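Novice: can't give you the sequence, but here's the structure:
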């Protein structure tokens, strides 16, 4: 069994886990998962993430408003996020960002929402989790201005974009996409990421890797992503898992796991 699995972006609050959420979360530590971050998408979702993180020691929460819901957030959302972000299990503002994939999204509303949350993260000295889809220049412009620390999750850009993100001091997160047949672009981007800036994630229940593509994803599937990364980087799966565990701990300020497993991670 692989160890030192850190899932830096998950959605165990999603309705896909309603029927067996506790059963899934209870068994993850037995399967090598040492940390997982729950990414918030709305005020309600962020609050639920904190409640789950209170129940499970290895879970942590990020609080934020996803760009797809821009314009629907409550008037006092920043005050609510700030209060939640002070919780001891809250480690980031996210997931926040821009998404221009579908027609009908209000880009101006998304940018306004993004900027306000970037500013909040700076005020609170917290990292951010960035969602960026079909919006390369606009999200990079905001990163250049605010200079947050954090991660661009589910990275889908080019190697050139990855280099700029890295130059801005950010980490880069990859999902099960690395295992897909059409993953050439993602694999080229992966190749330019230094070992100390790489993190792995599921984005579960979405983005399940091969051989589980199309099924509900969970953190136990990260080793498949790590294996794909190891092939590109000329190393082995456990080395990738241990390195990305250390990176995730540094990114989110999470204490290293204790005892025997800490020595493997450290």
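Specialist: Sure thing, it's come through. Just so it is clear, the model here is predicted, and its values are computed rather than measured.

Novice: Give me the sheet partners of the longest strand seen in the chain and which way each runs.
Specialist: Ranked by residue count under DSSP state E, the longest strand found in the chain is strand 90-99. Note on strand 90-99: by DSSP bridges, its sheet partners are strand 59-63 (parallel), strand 128-133 (parallel).

Novice: where are the low-confidence patches of the stretch 1-150 of the chain?
Specialist: The stretch 1-150 of the chain contains no residues with pLDDT under 70.

Novice: all strands of this structure, in order?
Specialist: 5-10, 33-39, 59-63, 90-99, 128-133, 150-152, 171-174, 198-200.

Novice: ok so, going back, nearest approach to residue 219 belongs to which of the strands paired with strand 90-99?
Specialist: strand 59-63 (10.3 Å; C-beta to C-beta). To be clear about C-beta, it is placed using only N, CA and C from the backbone, and glycine gets the same treatment.

Novice: which parts of stretch 35-54 are buried?
Specialist: 35-43, 45-50, 52-53 (16 or more other C-beta atoms under 10 Å).

Novice: One more: stretch 186-194?
Specialist: Using 16+ other C-beta under 10 Å as the burial criterion, the residues of stretch 186-194 that qualify are 186-187, 189-190, 193.

Novice: Could you check how far the longest helix belonging to the chain is from the centre of its chain?
Specialist: Longest helix in the chain, counting residues (DSSP state H): helix 107-124. A distance of 18 Å separates the centroid of the chain from that of helix 107-124, by C-alpha atoms, centre = their mean, to the nearest Å.

Novice: now that helix and strand 128-133, what's the angle there?
Specialist: Comparing the axes of helix 107-124 and strand 128-133 via axes from the mean of the first three to the mean of the last three C-alpha atoms, to 10 degrees yields an angle of 160 degrees.

Novice: In contact with residue 209: list those residues for me.
Specialist: By C-beta atoms under 8 Å, 6 or more residues apart in numbering, the residues touching residue 209 are 175-180, 217, 221, 224-225, 228.

Novice: can we see that at 10 Å?
Specialist: 175-180, 183, 202, 217, 221-228 (C-beta atoms under 10 Å, 6 or more residues apart in numbering).

Novice: confidence score at it?
Specialist: Residue 209 carries a pLDDT value of 98.

Novice: Tell me the spatial nearest neighbour of residue 162, not counting adjacent residues.
Specialist: Closest residue to residue 162 apart from its sequence neighbours, by C-beta to C-beta, 6 or more residues apart in numbering: residue 189 at 4.3 Å.

Novice: That neighbour is in contact with residue 156, isn't it?
Specialist: Yes - using C-beta atoms under 10 Å, residue 189 is in contact with residue 156, at 8.3 Å.
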